[in-house]
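Novice: Here is the input, now give the coordinates:
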Amino acid sequence: MPKIKEIERTPNPDAMRFVLGEPLTNGVTKSYENAEEAEGDEFASALFAVDHVINVYYVNQYVTVTQDGDAVWSELLRQLAPPIREATPQINIQEDDEVHASKEVQESDDERLIEINKMLDDQVRPYLLADGGGLKVLGLNGNRLKVHYQGACGTCPTATSGTLYAIESMVKRIDPNIEVISV
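Specialist: Okay, here's the model as predicted:
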């Protein structure tokens, strides 16, 4: 049973990040945007069973829960703590093949896309994880790169403005004609 070491605010006022005393996964990232997506994941389903939870994102010793904005955090935290404390470490779970990039992106031989994804792995995703979220690359159609924010980043006001602008600036070093779109 993981011990909750800290509960941290994220840049998203509707998301909190729980730091656990031991890893919940062995580096595997799980991201769910609703209870239906979480079917089959006992831990995420237990969190979605708490009223107002709209997103669950977890990896290693970090769990980010996003609420709908209608709950008071002090009350919601009391409800979320038991299922987090009772979670069983999931050491043998498999990574969702598409958690960071769609199949289309993974199978692409477009050098720009390969370089962009590596740049995101090295320079962007670690910082988003520190804020309780992640980023999935959906595809590159012509010069339009489609990305999808996960976890706390999914509904964060700064993700769709400042962070998106920063990512686009970095991507433009690879190809100045690429436009980044969050979906």
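Novice: In the protein, what residue spans correspond to helices?
Specialist: 42-48, 73-85, 103-107, 111-123, 125-130, 164-174 (DSSP state H).
Novice: in the third one, what counts as buried?
Specialist: Neighbour-count burial for helix 103-107, counted by 16 or more other C-beta atoms under 10 Å, picks out Val105. Where C-beta positions appear, they are placed from N, C-alpha and C, glycine not excepted.
Novice: hang on, the earlier thing: format the helices of the chain as JSON lines; extra columns: mean pLDDT.
Specialist: Compiled in JSON lines, the helices of the chain are given as follows (pLDDT from 0 to 100):
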{"stretch": "helix 42-48", "mean pLDDT": "97"}
{"stretch": "helix 73-85", "mean pLDDT": "97"}
{"stretch": "helix 103-107", "mean pLDDT": "88"}
{"stretch": "helix 111-123", "mean pLDDT": "93"}
{"stretch": "helix 125-130", "mean pLDDT": "89"}
{"stretch": "helix 164-174", "mean pLDDT": "93"}
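Novice: Deepest-packed of those, please.
Specialist: helix 42-48 (a mean of 20; mean count of other C-beta atoms under 10 Å).
Novice: neighbouring contacts of that helix?
Specialist: Here helix 42-48 makes contact (C-beta atoms under 8 Å, 6 or more residues apart in numbering) with 24, 30, 32, 34-35, 38-39, 53, 56, 58, 63, 65, 80, 83-84, 86-88, 90.
Novice: Try it again at 10 Å.
Specialist: Residues from elsewhere that reach helix 42-48 (C-beta atoms under 10 Å, 6 or more residues apart in numbering): 24-25, 30-32, 34-39, 41, 53-58, 63, 65, 79-80, 82-84, 86-90, 93.
Novice: Next, work out how far apart Leu138 and Glu111 are.
Specialist: For Leu138, the distance to Glu111 (C-beta to C-beta, to the nearest Å) stands at 18 Å.
Novice: try Asp41
Specialist: 35 Å.
Novice: Equivalent analysis for Val183, please.
Specialist: For Val183 relative to Glu111 (C-beta to C-beta), the value is 23 Å.
Novice: Now for Asp121: which residues touch it?
Specialist: Shown in contact with Asp121 (C-beta under 10 Å, 6+ apart): His100, Ala101, Leu135.
Novice: any idea which of the residues you listed is closest to Ala15?
Specialist: Checking these against Ala15 with C-beta to C-beta, the nearest one is Leu135 at 14.8 Å.
Novice: Can you report how many residues neighbour the nearest residue to Gly154 once chain neighbours are set aside?
Specialist: Distances taken as C-beta to C-beta, 6 or more residues apart in numbering place Asn55 nearest to Gly154, at 5.7 Å, with adjacent residues excluded. When neighbours are defined as other C-beta atoms under 10 Å, Asn55 has 29 of them.
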